[in-house]
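J.: Need a 3D model of the following:
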Amino acid sequence: MVSAVVLDVGETLIDETRIFSRWADRLGLPRGTFLGLIGACAATDRPLEHAFELARPGFDVPAEIARWAADEPDGLRENFDADDLYDDVRPALAALRDAGYAVVVAGNQPPQARRALEAMDLPVDSIRTSDEWGVEKPDPEFFARVADLTGVPPSGIAYVGDRLDNDVLPAADAGMRPVLIRRGPWGYLHATRPEAARVDVVDSLHELAACLGRPD
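T.: Numbering: from 1, shown residues only. Got it, this is the predicted structure:
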């Protein structure tokens with residue numbers, strides 16, 4: 001039985017629409033165009049960085065982030081805040097904790113993401129990012145770190161994410177229970193793939209408690 005639920009960040013907890021809309025503005029593109037390029041990358045299994053390359057060949061994302069920070073030091077820029085949380089996040093995570101699950105957030109995120117998430121005062125036990133661990137999904141070491149953090153054997157952990165390739169199939173390979181949330185461009189696309197038969201698929205975080213059963 002599962003006793004710990006670990007959740008990805010982007011498009012699992014955080015709706016990234018505002019982030020990529022700001023990026024479109026920064027790139028001088030119509031928002032629909034840039035969001036479409038991101039969808040195209042999801043559909044063709046290209047990394048997200050390719051959307052920037054398609055929009056602006058040779059574009060240096062880290063350098064532009066630095067320039068953007070200098071131009072708008074007090075703006076959100078490529079970051080997120082509590083207004084970007086999906087509506088189901090707070091009540092669903094609170095319900096999981098009330099049901100007896102340990103609840104952890106762990107995803108591929110830059111250093112400022114942990115501060116942003118902690119400022120939201122989410123009902124979770126721990127928050128960690130790939131940056132502080134020095135390892136990113138889908139590396140098996142990331143999921144080993146998840147197990148160490150929870151103190152629960154992999155078989156007692158459910159990992160919830162919006163991608164088969166980066167999130168839930170590597171979690172399954174690590175011995176965890178994989179749960180795909182069907183939202184964001186990758187979530188909707190990946191839920192239609194044959195590999196999704198290997199995982200639980202939910203449309204909302206509210207479905208997790210019923211999907212997982214009672215914790216040990």
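
J.: in the lowest-mean-pLDDT helix or strand in the chain, what's buried?
T.: In the chain, no helix or strand scores lower on mean pLDDT, DSSP states H and E than helix 208-212, which sits at a mean of 92. Using 16 or more other Cβ atoms under 10 Å as the test for burial, helix 208-212 gives 208-209, 212. Just so you know, the C-beta spots here come from the backbone N, C-alpha and C atoms, and that holds for glycine as well.

J.: Residues contacting it, please?
T.: 2, 5, 92, 95-96, 99, 101, 158, 160, 177, 179, 200, 202 (Cβ atoms under 8 Å, 6 or more residues apart in numbering).

J.: change it to 7 Å
T.: Contacting residues not belonging to helix 208-212 are listed as 2, 5, 92, 95-96, 99, 158, 160, 179, 200, 202 [Cβ atoms under 7 Å, 6 or more residues apart in numbering].

J.: now the residues you listed in a markdown table, with distance to residue 144 and neighbour count?
T.: Shown next, in a markdown table, are the contacts of helix 208-212 (distance: Cβ to Cβ, whole Å; neighbours: other Cβ atoms under 10 Å):
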| residue | distance to residue 144 | neighbour count |
| --- | --- | --- |
| 2 | 18 | 21 |
| 5 | 18 | 29 |
| 92 | 26 | 22 |
| 95 | 28 | 17 |
| 96 | 23 | 24 |
| 99 | 26 | 15 |
| 158 | 16 | 23 |
| 160 | 18 | 25 |
| 179 | 19 | 28 |
| 200 | 22 | 17 |
| 202 | 25 | 20 |
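
J.: Need the contact partners of the longest helix along the chain.
T.: Assignment by DSSP state H gives helix 31-43 as the longest helix of the chain. With Cβ under 7 Å, 6+ apart as the test, helix 31-43 has contacts from 20-21, 23-24, 27, 47-48, 50-51, 54-55, 185-186, 189.

J.: and it, how far out from the chain's middle?
T.: Centre-to-centre, helix 31-43 and its host chain are 18 Å apart (Cα atoms, centre = their mean, to the nearest Å).

J.: for stretch 2-20, same thing?
T.: With Cα atoms, centre = their mean, you get 4 Å for stretch 2-20.

J.: and that stretch, how far apart are its ends?
T.: For stretch 2-20, the first-to-last residue distance is 34 Å (Cα to Cα, to the nearest Å).

J.: buried set for it?
T.: The neighbour-count check on stretch 2-20 (16+ other Cβ under 10 Å) flags 2-16, 19-20 as buried.

J.: follow-up on the earlier one: by neighbours, which of the contacts of helix 31-43 wins?
T.: Per-residue neighbour counts (other Cβ atoms under 10 Å) across these peak at residue 186, which has 26 neighbours.

J.: show me the contacts for that residue.
T.: Applying Cβ under 7 Å, 6+ apart, we find residue 186 in contact with 11, 42, 162-163.

J.: Now it: which helix or strand?
T.: helix 184-190 (DSSP states H and E).

J.: Then residue 68?
T.: Using DSSP H and E, residue 68 sits in helix 61-71.

J.: so what does that helix touch, helix or strand wise?
T.: In terms of contacts (3 or more Cβ pairs under 7 Å, 6 or more residues apart in numbering; DSSP states H and E), helix 61-71 is not packed against any helix or strand.
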